[in-house]
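Visitor: Sharing a model prediction with you, sequence too.
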Amino acid sequence: VAIGAFYAALRSELEHRARKLHEWRGDHHLARDYDLVSISRSSRPLPVLPDATFALDATRYFVEIDRATVRLDAWEERICAFQAYAKSAQIQQRYGVDSFVVLVVVPNAARVAAIVRTIASTLGGPSPMYRFMVQDHVHPLTIRRRWQQMGEVSWRPRRLPKGGLAQEAVVTMIDAPPLWLPQTGDQGAAEMASSGG
């Protein structure tokens, strides 16, 4: 349902702007044919299997719908798999691109904070490859430009349950660029000029 809501909002806004949604593939299609990558922290190859993917303005997007039912250590594996995939020849073979952006839709701001801390801890800093949106903003009027991304990361000590200290990431979130810029003559161009974005 959440994947369908994302698709409907994205397609509706694109069609309103007289633009087309290219190469949309949902999870039911992707589950039949996907790539595997090897990472050092796992003894088995991991699937690169987002909830959906599409292309827009020469950018490949992967969509991850997080329902807060996946443990954060599973997110660590997913992040490592995405990083390995971005460096592999497989993405060029399958999608004809050298990079991609992961759009993560989450139920609330607290879950965003948990996932971005996990990304920062896994990668040792921020990554522009990930953008975040709260589920309530998945709507034709907001899906283009209500995304956030990781800004600065700082580190603070955190006490572990069994004693000792660990470094915990503190991530500042910033507004991400819109998914696409309105074209000349597009109704959105006037909106963008009047809103400054």
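Guide: Looks like it arrived, so ask away. Numbering: from 1, shown residues only.
Visitor: Could you count how many residues lie near the closest residue in space to Pro157 that isn't next to it in sequence?
Guide: Leaving out its chain neighbours, the residue that sits closest to Pro157 by CB to CB, 6 or more residues apart in numbering is Leu165, at 4.8 Å. Any C-beta I mention is one placed from the backbone N, CA and C, and that applies to glycine too. Number of residues near Leu165 (other CB atoms under 10 Å) recorded here: 10.
Visitor: And Val102, what's its pLDDT?
Guide: Predicted confidence (pLDDT) for Val102: 98.
Visitor: and it, what are its bridge partners?
Guide: For Val102, the beta-bridge partners under DSSP bridges are Phe62, Tyr130.
Visitor: can you tell me how far it sits from Ser42?
Guide: 19 Å (CB to CB, to the nearest Å).
Visitor: go on, Gly163?
Guide: 28 Å.
Visitor: Pick out whichever of those two has more residues nearby.
Guide: Ser42 (13 against 6).
Visitor: Secondary structure class of the more buried one, three-state.
Guide: Secondary structure assignment for Ser42 (DSSP: H, G, I helix; E, B strand; the rest coil): coil.
Visitor: picking up where we left off before, was I right about the residue nearest to Pro157 contacting Trp155?
Guide: No - counting by CB atoms under 8 Å, Leu165 stays clear of Trp155, with 11.1 Å between them.
Visitor: residues of the helix or strand hosting Thr122 that come out buried?
Guide: Using DSSP states H and E, Thr122 falls within helix 109-123. Residues of helix 109-123 classed as buried by neighbour count (16 or more other CB atoms under 10 Å): Arg111, Val112, Ala113, Ile115, Val116, Arg117, Thr118, Ile119, Ala120, Ser121, Thr122, Leu123.
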